[in-house]
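Undergrad: Dropping the sequence and predicted coords here.
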Amino acid sequence: MVSPKASFGGLMNFVLQPWQLLVVILTGWLNRQQQAVIDFLLAEAQVLKETHGKRRIRLSDDQRRRLAIKGKALGRKALQEITPLVTPDTIFRWHRQLRDAA
């Protein structure tokens, strides 16, 4: 069995290589960029919903197809958290219809 002191000593000797540090910095930057894009798109969707109010939004077959594919990949829980333009049930119904039509 390894003593706690020996394993702690191994951690003290851990040093990031320059390329590893670069990867960590780049990953953090990309994550912030992606989060900024997500935040913008969520705000944009909210503005669209506010603009249309309770009126039904008319979508083309291509628009429904794109939302169905992306929505299915996200899953029900994620869709409920982001409050999409249509309900998760609608997105999954569209996805089933696409699958059955193929």
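TA: That came in fine, so what should we check first?

Undergrad: Give me the residue at the spatial middle of the protein.
TA: In the chain, the centroid-proximal residue (Cα atoms, centre = their mean) is residue 74; its distance is 7.0 Å.

Undergrad: Quick one: residues contacting that one.
TA: Applying Cβ atoms under 8 Å, 6 or more residues apart in numbering, we find residue 74 in contact with residue 82. Quick note: C-beta positions are derived from backbone N, CA and C, even for glycine.

Undergrad: What does the pLDDT read for residue 84?
TA: In the predicted model, residue 84 carries a pLDDT score of 72.

Undergrad: can you check residue 8 too?
TA: The per-residue pLDDT reported for residue 8 equals 57.

Undergrad: do residue 61 as well
TA: We have a pLDDT of 91 for residue 61.

Undergrad: any idea how far it is from residue 81?
TA: Note on residue 61: its distance to residue 81, by Cβ to Cβ, to the nearest Å, is 27 Å.

Undergrad: Then residue 43?
TA: For residue 43, the distance to residue 81 equals 15 Å [Cβ to Cβ].
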